[in-house]
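J.: Kindly return the folded structure for what I paste below:
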Amino acid sequence: MSSAQKMPKKSSNWLFYGVAFPLTILFTGLVSSSWWIWASAAPSTFGAKVRLTIPDGMPTQMIAQELEAAGVIRSSLALRLWLQWQSLRGSEAVSLRSGTYDFSTNQSLPEVVAQIQTAKLTEVRFTIPEGWSIAQMADLFEKQGFFAAKDFVAAAQRTSPKRRPWLPEDIPSLEGFLFPDTYQILPSEATPDRIIDLMLDRFEQVALPVYKDNQSGKPKVKVSLKDWVTLASIVEKEAVIDSERRIISGVFWNRLKKNMRLESDPTVEYGLNIKQTPENPLTLDQVRTSSPYNTYLNEGLPPGAIASVGLASLKATLDPASTDYLFFVAKYDGSHVFSRNLEDHEKALQAIDKKIQQKTPKNN
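T.: The predicted structure is shown next:
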């Protein structure tokens with residue numbers, strides 16, 4: 001009787017340990033594997049771009065939640081499990097680093113984690129066009145969220161030769177020496193001084209060798225570095241069509257040789273911080289307003305450059321066209337009318353004014 005009563009218990013244990021338990025383990029394993037395959041896969045196959053900033057000190061759990069909420073990963077839990085797995089394996093660079101990152105939604109979870117662990121930060125790109133002033137650059141940087149415009153303007157006033165031994169000592173600011181180009185910088189490094197250093201480096205690499213090579217040979221014009229950049233900045237602001245750049249340079253050099261004032265509108269605009277248009281040209285009062293930069297009132301060059309200068313204008317200033325023109329006036333289509341004497345220049349002025357008036361709608 002006792003032996004017969006023990007048989008069912010053995011059968012029950014065998015069913016549990018021999019069948020049910022392995023099946024449970026197998027089922028759990030299959031479910032876990034399926035979940036992990038899903039959770040670690042890229043959220044999308046289309047690769048949409050997502051920019052995300054991870055602040056300093058943000059806990060891992062919050063980072064994971066941010067990534068999940070932004071659609072960069074499928075599961076915050078999976079990210080934390082992946083980090084624990086890396087820690088158990090003794091992998092290096094387990095910690096996540098702060099910064100701004102550009103993710104793609106077709107990145108897998110391990111790829112996203114690796115990007116943050118190796119701090120492949122997103123560099124910010126900005127472009128400074130030729131002819132921009134320090135004030136315009138400052139406004140751009142403020143709009144991009146780098147820093148306040150006034151901080152950049154203040155930094156651009158620091159012209160100590162110790163900063164760059166080749167910089168002229170008597171320049172009023174770094175205007176003209178901040179080379180216009182496209183730059184990339186990490187957001188964390190975007191300070192006024194760092195950006196100025198980048199732009200001075202580019203001037204030193206691109207523009208300075210042109211000047212040194214030209215002046216060390218048999219230059220067409222002998223000019224100091226400061227005067228070169230100053231005059232080139234005026235050429236930059238006046239020239240729109242590249243084919244006219246050397247002619248404009250030639251006009252200015254001719255006027256300087258004859259001790260004629262340059263009479264360049266952009267110098268008046270710079271001194272007064274205004275911008276004229278065809279409909280609102282400079283007034284006589286503005287032209288007569290005193291300013292160190294007003295080349296209608298002051299002889300020679302202004303105290304410093306009025307804008308950033310591209311390589312084309314810098315080269316044109318060292319290689320002016322051989323011409324006997326002494327005047328030019330803008331036609332407001334990018335081109336100019338050049339004249340050899342005042343009489344022809346005034347005729348050109350009148351003809352252009354007449355065309356502008358014909359195009360300007362009359363108020364009834």
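J.: Quick check: pLDDT value at residue 280.
T.: With respect to pLDDT, residue 280 scores 87.
J.: Distance of it relative to residue 332?
T.: 12 Å (Cβ to Cβ, to the nearest Å). C-betas here are computed from N, CA, C, even on glycine.
J.: Please apply the same query to residue 266.
T.: Counting by Cβ to Cβ, the separation of residue 266 from residue 332 is 14 Å.
J.: which helix of this structure spans the most residues?
T.: Ranked by residue count under DSSP state H, the longest helix found in the chain is helix 21-40.
J.: Name the residues of that one that come out as buried.
T.: Within helix 21-40, the residues that count as buried by 16 or more other Cβ atoms under 10 Å are 39, 40.
J.: returning to what we had before: same drill for residue 280 and residue 332, tell me which one is more crowded.
T.: More crowded of residue 280 and residue 332, by other Cβ atoms under 10 Å: residue 332, with 16 against 9.
J.: and that one, what are its phi and psi?
T.: Per-residue torsions, residue 332: phi 60, psi 20 (degrees, to the nearest 10).
J.: okay but residue 222 is in contact with residue 215, surely?
T.: Yes: taking Cβ atoms under 8 Å as the definition, residue 222 is a contact partner of residue 215 at 7.0 Å.
J.: Those two - which one has more neighbours?
T.: A direct count of neighbours by other Cβ under 10 Å for residue 222 and residue 215 places residue 215 higher, at 16 against 10.
J.: Need the pLDDT of that one.
T.: Model confidence at residue 215, given as pLDDT, is 95.
J.: The host helix or strand of it packs against which elements?
T.: Assigned by DSSP states H and E, residue 215 falls within helix 208-216. Other elements packing on helix 208-216 under the criterion 3 or more Cβ pairs under 8 Å, 6 or more residues apart in numbering; DSSP states H and E are helix 311-318.
J.: Could you point out the helix or strand that follows the helix it packs on?
T.: Next along the chain after helix 311-318, taking DSSP H and E as the criterion, comes strand 327-330.
J.: Tell me the helices and strands packed up against that next one.
T.: Contact analysis of strand 327-330 by 3+ Cβ pairs under 8 Å, 6+ apart lists helix 245-257, strand 336-339, helix 342-359 as its packing neighbours.
J.: partners of it, with directions?
T.: Sheet partners assigned to strand 327-330 using DSSP bridges are listed as strand 336-339 (antiparallel).
J.: what residues does the partner strand touch?
T.: Applying Cβ atoms under 8 Å, 6 or more residues apart in numbering, the external contacts of strand 336-339 come out as 238, 244, 247-248, 251, 323, 325-331, 345, 347-348, 351-352.
J.: Got a quick ChimeraX command for the buried subset of those?
T.: The following ChimeraX line selects those of the contacts of strand 336-339 that are buried, judged by 16+ other Cβ under 10 Å:
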select :238,244,247,248,251,323,325,326,327,328,329,330,331,345,348,352
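J.: Where does residue 125 fall, secondary structure wise?
T.: Assigned by DSSP H and E, residue 125 falls within strand 124-127.
J.: Show me what that strand packs onto, helices and strands only.
T.: On a contact count with 3+ Cβ pairs under 8 Å, 6+ apart, strand 124-127 meets strand 182-185.
J.: The helix or strand just after the strand it packs on: which residues count as buried?
T.: Counting by DSSP H and E, the element after strand 182-185 in chain order, helix or strand, is helix 192-202. Within helix 192-202, the residues scored as buried using 16+ other Cβ under 10 Å are 192, 195, 196, 198, 199, 200, 202.
J.: repeat for stretch 216-231
T.: Result for stretch 216-231 [16+ other Cβ under 10 Å]: buried residues 221, 223, 225, 226, 227, 228, 229, 230, 231.
J.: TSV for those residues, including distance to residue 60 and secondary structure?
T.: Shown next, in TSV, are these (distance: Cβ to Cβ, whole Å; DSSP: H, G, I helix; E, B strand; the rest coil):
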residue	distance to residue 60	secondary structure
221	64	coil
223	60	coil
225	53	helix
226	55	helix
227	59	helix
228	56	helix
229	51	helix
230	55	helix
231	58	helix
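J.: For the stretch 1-150 of the chain, which residues score under the pLDDT cut-off?
T.: Where the stretch 1-150 of the chain drops to pLDDT under 70, the residues are 1-12, 14-16, 91-93, 121.
J.: Perfect, that will be all.
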